[in-house]
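Chemist: I'd like to go over a predicted model; first the sequence, then the structure.
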Amino acid sequence: MRRSETPLVIRLATQADQVPLTRLAQLDSAPPLEGRVVLVEADGRIRVALALADGRGIADPFFPTAEMLDLLETRAAQLSAPNASGPARPIGRLLGWPRATRSIASRGGSRPDSAIA
């Protein structure tokens, strides 16, 4: 499995993300996502996004996103949980993201070596 040192940011989309999300949908040959959207940024660009309402996702077909989608689905499940009220807590930046898919630490800025159970 390829290891990347690219920091990832997982967050809810904002109004400022509308144009980049529309471009990503076009790149993925998919209709734009609607409603609340959670996304992953890598190298300062949105690489994968998931609609919380229906679970539909879009991804950059020219960037390895399979592991990112796994992380995003985990985060979406956390945000959609019945006890998820109020603003979402950030999970921080993850380094070495393929290894981080086994466990997500809630400590911001933690390295995956310390986050893996």
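Modeler: The structure has been received and is ready for your questions.

Chemist: which stretches of the chain form strands?
Modeler: Secondary structure of the chain (DSSP state E): strands located at 8-12, 37-42, 45-51, 57-59.

Chemist: Would you tell me which of those strands gets closest to residue 73?
Modeler: strand 45-51 (6.8 Å; C-beta to C-beta). Backbone N, C-alpha and C define where each C-beta goes, glycine included.

Chemist: what helices or strands is that closest one leaning on?
Modeler: Applying 3 or more C-beta pairs under 8 Å, 6 or more residues apart in numbering; DSSP states H and E, one finds that strand 45-51 makes contact with helix 18-27, strand 37-42, strand 57-59, helix 66-80.

Chemist: For the shortest one, which strands pair with it and how are they oriented?
Modeler: Using DSSP bridges, the strands paired with strand 57-59 are strand 45-51 (antiparallel).

Chemist: How about residues contacting the strand it pairs with?
Modeler: Identification of contacts with strand 45-51 by C-beta atoms under 8 Å, 6 or more residues apart in numbering yields 13, 17, 20-21, 24, 33-41, 56-60, 63, 65, 68-69, 72-73, 76.
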